[in-house]
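# Next input, structure requested:
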Amino acid sequence: MSALEQLRQGFQHAFESVAEGWRHLRERTSQALTRFTQRETGESAEQQLMIRSPRWGLLPAEIKEEKDKIVVRLEVPGMEPDQFDIQVMGDTLVVHGEKVAEREQVGGRYYLLERAYGAFERAIPLPVRVRETGAEATYRRGVLTIELPKETAETGRRIPIRIG
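Predicted coordinates for the structure are as follows:
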């Protein structure tokens, strides 16, 4: 095998390894990576800030199944409890919200802006069916916690077989 062929195979192997790594990363983060959409903008400083903010952000979640409920925790810092809309649609928990840009200083110039602003929606598949009644949500220190009671399974009953 020539040196050129060895070099070509080496590059091909390296490319395949990198591509596989990106595919794996994309699969693991596909749910947490959330698109933020901005509203119509005007000329205010807050609206100009939103124009320059990233369009994508991470909203990592964890889902824990307990004996009688599902507990979902979602990291969404910088919001107020009334900025969320939470719904259960079939076997999916849907969290809508809008993260509004607030300018805390007058003057100055941003050199780094990585926080995402705007409306977002995160759909989280649930491992079991849940009841909406009795669901509770709390928001503390940037973490939205949603407790969803499990749907109780109906007890089975024996069906007799008639002869004849």
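# can you list the weak-confidence ranges in the chain?
For the chain, applying pLDDT under 70 flags the ranges 22, 24-57, 101-116, 153-159, 161, 164.
# Identify each of the helices in it and give its residue range.
3-29, 45-52 (DSSP state H).
# and Glu98, what are its bridge partners?
Beta bridges link Glu98 to Ala119, judged by DSSP bridges.
# roughly how far apart are it and Val76?
Going from Glu98 to Val76 by CB to CB, to the nearest Å gives 11 Å. Glycine gets a C-beta too; all of them are placed from N, C-alpha and C.
# And for Lys67?
From Lys67 to Val76 the distance is 27 Å (CB to CB).
# Specify which residue of those two has the higher count of neighbours.
Per other CB atoms under 10 Å, whichever of Lys67 and Val76 has more neighbours is Val76, with 21 against 5.
# Tell me who's in contact with the more buried one.
The contact partners of Val76, by CB atoms under 8 Å, 6 or more residues apart in numbering, come to 59, 84, 95, 97, 99, 142-144.
# Is there a quick PyMOL command that grabs whichever of those are buried?
Selection of buried members from the contacts of Val76 for PyMOL, criterion 16 or more other CB atoms under 10 Å:
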select buried, resi 59+84+95+97+99+144
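# Redo the contacts of Val76 as JSON lines? Include distance to Ala3.
Shown next, in JSON lines, are the contacts of Val76 (distance: CB to CB, whole Å):
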{"residue": "Leu59", "distance to Ala3": "49"}
{"residue": "Phe84", "distance to Ala3": "61"}
{"residue": "Val95", "distance to Ala3": "56"}
{"residue": "Gly97", "distance to Ala3": "57"}
{"residue": "Lys99", "distance to Ala3": "55"}
{"residue": "Gly142", "distance to Ala3": "55"}
{"residue": "Val143", "distance to Ala3": "56"}
{"residue": "Leu144", "distance to Ala3": "58"}
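# burial of Gln6, as a residue count?
10.
# Please apply the same query to Ala61.
Neighbours of Ala61 under the rule other CB under 10 Å: 19.
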